[in-house]
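Asks: Quick one: sequence plus predicted model below, questions after.
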Protein chains: 2
Amino acid sequence: MREFKKLTPYKEAFNLMINDIEETKEVEEVSLDEALGRVLAEDIISPIDSPPFDRSAVDGYAVRAEDTFQAREYNPIELEVIDEITAGMESKKEVGKGKAIKLMTGNKIPKGANAVIMQEHVKREGNRIYVLRPVAPGQNVSFKGEDIKKGEVLLRKRQILRAQDLALLKSVGIKRIKVKRKPKVGIIVTGDELIEDLDEKALNEGKILESNSIMLKSLVRQYFGEPIFYGVLPDDEAKINEALEKTKKECDLVLITGGSAFGDKDYAHKFVRLLFHGTTIRPGRPMGYGEKIFVMSGYPVAVFTQFHLFVKYALIKLAGADYKDIKVKARLASKVSSTLGRYEFVKVWYEDGKAKPIRKSGSGLISSLVESNGYLIIPEDVEGYREGEEVEIVLY
Amino acid sequence: MREFKKLTPYKEAFNLMINDIEETKEVEEVSLDEALGRVLAEDIISPIDSPPFDRSAVDGYAVRAEDTFQAREYNPIELEVIDEITAGMESKKEVGKGKAIKLMTGNKIPKGANAVIMQEHVKREGNRIYVLRPVAPGQNVSFKGEDIKKGEVLLRKRQILRAQDLALLKSVGIKRIKVKRKPKVGIIVTGDELIEDLDEKALNEGKILESNSIMLKSLVRQYFGEPIFYGVLPDDEAKINEALEKTKKECDLVLITGGSAFGDKDYAHKFVRLLFHGTTIRPGRPMGYGEKIFVMSGYPVAVFTQFHLFVKYALIKLAGADYKDIKVKARLASKVSSTLGRYEFVKVWYEDGKAKPIRKSGSGLISSLVESNGYLIIPEDVEGYREGEEVEIVLY
């Protein structure tokens, strides 16, 4: 087994990788019901003004503001209520001097009126109201186009669609939209030692239950991709080469685990023109990337780390998603240390402004991932952080 | 229109509601591929020890620790390499005095050996190694059951399943699990003023494009539920009553929008035995709950607020999900104010430790929701917060 001659610093490796990834140009049209969590592929222009007309922002009475200027608690102004309308209705009458029309939030301001007085600010007696305070012209009126102007950009290309975004689209009459096609991500798992089904005898002989496929499929789903699993292969040069060729043709991105190091059986890197091989991240050092293929470790914790530090961002760029990590500041519940020259991925449990480092080590220990909900980074030139120090956590 | 006699304080209204909701007992069995984001319905007990045997935690040489005690850079100890094994393999040989076996991370510790020396800490020459530093007994060995003990609880009931949780299950040979059935949430939208398709003439006459259905369907999906849409109904007492009866029978929870206030056309509350009607939240005050039915506003921003302050937590409890809000501390980019007695829901854009309040008001303005990614609360007894003050943000 040969060692890495040189580890590419994380930032450099990341840049080599990310600059090689291109945003997908392919789009598909979906209904709003299918659009939650998808990536918008077009700017959305409003086809209408909203409100489409000047309308009341409150429940109350449409009036001529000038009729109310003298109104005070001790000097109520009497107006005659000449009409009452309910939601979605429109009064055909005109508000003349000394008149008022009762209306609800959202109703069109009737002709002649230029303000609305809230119902809490009048006393009603039969078809009369007594106005207890003045309103200014325009008060409690939502003007045409005030929320949204016809022709205005409502949502930008690359936005990840949430419930409120879909509601906005529906509220201007848009029912189908173009979204980015989900990147197809081929997953190949390799290793003579892997088994799929529980078999205590095999485990005692050194076999290992394969778990990278479900982890990567789930992470790909979470970050805008469509996983396609190409199965578990033995450490067979010809079979691995064949699977890589097929997967490259059929997918936008390929993740292959196992065989990323330089062991005699680590074939994967031989078939890929790598832009880098070996980086300063820990765990996950023996990783390579080239030709849209991530050559990843076999150990689940290393794979998880490589995904979060590299693959995730490739998927975000490929999918064209305007995604930002959720970063929070936290106080460290205990000190963490690292080795100079390593870009250390420290799993933490974040809660209520505190981050507790998960101390379990060993890149095979999936339970350390299960106990964490985020991570912090100790960069190459830092040896660690003290207990109580403020650090930045990225939440998974 | 009659006003609310008394607004139930938010916390009191919330408790009335949440105490009325019961966790679903129904479960379904799914494969790991279908389980991402689902709620686990059983404690998961490990059927195996992991590691299943004492194994190497590093790539290196299995040795008798006592043979290395005198090893130093200036006093290398020579050992004979009697075997070499690769991943998943097991050496049948025994490590005697002065001997070593080359192995890889995860390999079983051969008989006779009690420690592993990392390959970086030896010099190799042919079938000899020169050990440059001592190792202690047990060093670089992962002991049987160190990560997971047979019979140990791996994942707890109510956990929301993530990629790493599924990998953990697969790594101990579990391929199918019981999850909670998704709560069925019936959605009814009411209002004579609502239209489904863009029609400028109708809009100019005061009609409104309905957007609550897609918003609620999406939010229900996001928070563990299965939405079932019962359509848009006119303000017709008989039809609303009929739809409510049907939906109550078929669903675990019902959301009905429009008609929550006391207007002549606000029927919904008449058919529901409400535990409260009218609460201190703003926006969204005219809301009621009873008989697993949320009687909600018609205005989208009010509906969104009512969902986030009430319905979301009903869904979490119903689904039996161990879900915690993502809360972050942030400095306010500008002051926010409220009225005493109101539990104000202030939409904000959170980024890099700063929260920018979204100033648009009006419960119809969906664009204010689109511009936000979280909210802060101004409780009933607080008038507001100053610019620069530290506040707590709940991220959507």
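Replies: Nice, thanks for sending it over.

Asks: going forward, measure contacts and count neighbours with C-alpha atoms only.
Replies: Will do.

Asks: how about the residues of the stretch 151-300 of chain A near chain B?
Replies: Within reach of chain B by C-alpha under 8 Å from any C-alpha of the partner chain, the stretch 151-300 of chain A has these residues: A:162-168, A:170-174, A:191-194, A:196-198, A:200, A:203-212, A:214-216, A:218-219.

Asks: Three-state assignment for the residue of the stretch 1-150 of chain A found nearest chain B, please.
Replies: Among all residues of the stretch 1-150 of chain A, A:Gly88 sits closest to chain B, at 4.2 Å; criterion: C-alpha to the nearest C-alpha. Following DSSP: H, G, I helix; E, B strand; the rest coil, we place A:Gly88 in the coil state.

Asks: which residues does it contact?
Replies: A:Gly88 makes contact with A:Gly106, A:Asn107, B:Asp192, B:Glu193, B:Leu194, B:Glu205, B:Gly206, B:Lys207, B:Ile208 under the criterion C-alpha atoms under 8 Å, 6 or more residues apart in numbering or on different chains.

Asks: any idea which of the residues you listed is the one closest to B:Gly259?
Replies: B:Asp192 (10.6 Å; C-alpha to C-alpha).

Asks: so what's the closest one up against?
Replies: A:Ala87, A:Gly88, B:Leu233, B:Pro234, B:Asp235.

Asks: ok, for the second one, nearest residue in space, not its chain neighbours?
Replies: When you say that, I think you mean A:Gly88. In space, and not counting its chain neighbours, A:Gly88 is closest to B:Glu193: 4.2 Å by C-alpha to C-alpha, 6 or more residues apart in numbering or on different chains.

Asks: just A:Val95 next, same as before
Replies: Counting by C-alpha to C-alpha, 6+ apart, the residue nearest A:Val95 is A:Gly112, at 4.7 Å.

Asks: so what's A:Ser368 scoring on pLDDT?
Replies: Turning to A:Ser368, the model gives it a pLDDT of 89.

Asks: same deal with the one 5 residues further on?
Replies: The predicted local confidence for A:Asn373 comes out at a pLDDT of 96.

Asks: Nearest spatial neighbour of it, chain-adjacent residues omitted?
Replies: A:Trp349 (5.3 Å).

Asks: And chain A, what are its domain boundaries?
Replies: A:10-24+A:183-317, A:27-50+A:154-180, A:55-142, A:326-395 (automatic domain parsing).

Asks: Confirm for me that the residue nearest to A:Val95 is in contact with A:Gly98.
Replies: No. Applying C-alpha atoms under 8 Å as the test, A:Gly112 and A:Gly98 come out as separate, 11.1 Å apart.

Asks: Could I get the average pLDDT for the longest helix seen in chain A?
Replies: Longest helix of chain A, by residue count under DSSP state H: helix A:237-250. Mean pLDDT, helix A:237-250: 95.

Asks: could you turn it into PDB, dropping everything but the C-alphas?
Replies: This file holds the C-alpha atoms of helix A:237-250, laid out as PDB (Å, rounded to 0.1, in the frame of the first residue of the first chain):
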ATOM      1  CA  GLU A 237     -11.300  -4.500 -11.600                       C
ATOM      2  CA  ALA A 238     -13.300  -5.400 -14.700                       C
ATOM      3  CA  LYS A 239     -16.700  -5.200 -13.100                       C
ATOM      4  CA  ILE A 240     -15.900  -1.900 -11.400                       C
ATOM      5  CA  ASN A 241     -14.700  -0.400 -14.700                       C
ATOM      6  CA  GLU A 242     -17.700  -1.600 -16.500                       C
ATOM      7  CA  ALA A 243     -20.100  -0.300 -13.900                       C
ATOM      8  CA  LEU A 244     -18.400   3.100 -13.900                       C
ATOM      9  CA  GLU A 245     -18.600   3.400 -17.700                       C
ATOM     10  CA  LYS A 246     -22.300   2.600 -17.600                       C
ATOM     11  CA  THR A 247     -23.100   4.900 -14.700                       C
ATOM     12  CA  LYS A 248     -21.200   7.800 -16.200                       C
ATOM     13  CA  LYS A 249     -23.300   7.500 -19.400                       C
ATOM     14  CA  GLU A 250     -26.600   7.300 -17.500                       C
END
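
Asks: That helix: what's the following helix or strand?
Replies: strand A:253-257 (DSSP states H and E).

Asks: Report the strands that pair with whichever helix or strand comes after that following strand, each with its relative direction.
Replies: Later in the chain than strand A:253-257, the nearest helix or strand by DSSP H and E is strand A:276-277. Using DSSP bridges, the strands paired with strand A:276-277 are strand A:288-290 (antiparallel).
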